[in-house]
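Engineer: requesting a structural model of the entry that follows:
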Amino acid sequence: MSHFSGKELKKLRKEAGFTQKLLAGKVGISRETVVAIENEHPKTIESLNIEVVNAWWQACRHLVSEPSQLSFKAQVMKFFALQ
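Structural biologist: Residues are numbered from 1 along each chain as shown. As a prediction, this is how the structure comes out:
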């Protein structure tokens with residue numbers, strides 16, 4: 001099974017200018033979970049659900065560049081193509 005890249009999500013967060021704590025609050029998860037996702041901790045990244053990815057995207061999308069938006073959208077398309 002394919003999963004989202006924690007590194008790609010970290011890139012979005014950083015480009016949007018959010019700390020891990022601030023993004024965690026916006027997404028509704030703990031800072032520790034953000035750390036685990038960004039570091040691609042196997043159990044966390046494998047259980048990452050689309051609701052968390054969507055909330056992450058919604059928090060960051062208006063604050064990131066067009067290339068970052070396109071990269072994220074390509075990742076989403078790849079993820080669903082492999083499902």
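
Engineer: and for residue 5, the neighbour number?
Structural biologist: By other C-beta atoms under 10 Å, the residues close to residue 5 number 18. Yep, even glycine has a C-beta here, placed from its N, CA and C like the rest.

Engineer: is it true that it touches residue 40?
Structural biologist: Yes. Using C-beta atoms under 8 Å, residue 5 is in contact with residue 40, at 7.5 Å.

Engineer: overlap in contacts, those two.
Structural biologist: Counting by C-beta atoms under 8 Å, 6 or more residues apart in numbering, residue 5 and residue 40 have no common neighbour.

Engineer: would you mind listing the buried residues in the longest helix that the chain contains?
Structural biologist: Assignment by DSSP state H gives helix 66-81 as the longest helix of the chain. Buried residues in helix 66-81, defined by neighbour count with 16 or more other C-beta atoms under 10 Å: 68, 71, 72, 75, 79.

Engineer: okay, now the closest residue in space to the first one that isn't next to it in sequence: neighbour count?
Structural biologist: What it means is residue 68. Excluding its sequence neighbours, the residue lying closest to residue 68 (C-beta to C-beta, 6 or more residues apart in numbering) is residue 15, at 5.6 Å. Neighbours of residue 15 under the rule other C-beta under 10 Å: 14.

Engineer: residue 15 contacts residue 63, correct?
Structural biologist: Yes. Under the criterion of C-beta under 8 Å, residue 15 makes contact with residue 63 at 7.1 Å.

Engineer: remind me what the longest helix of the chain packs against, helices and strands.
Structural biologist: Judged by 3 or more C-beta pairs under 8 Å, 6 or more residues apart in numbering; DSSP states H and E, helix 66-81 is in contact with helix 6-16.
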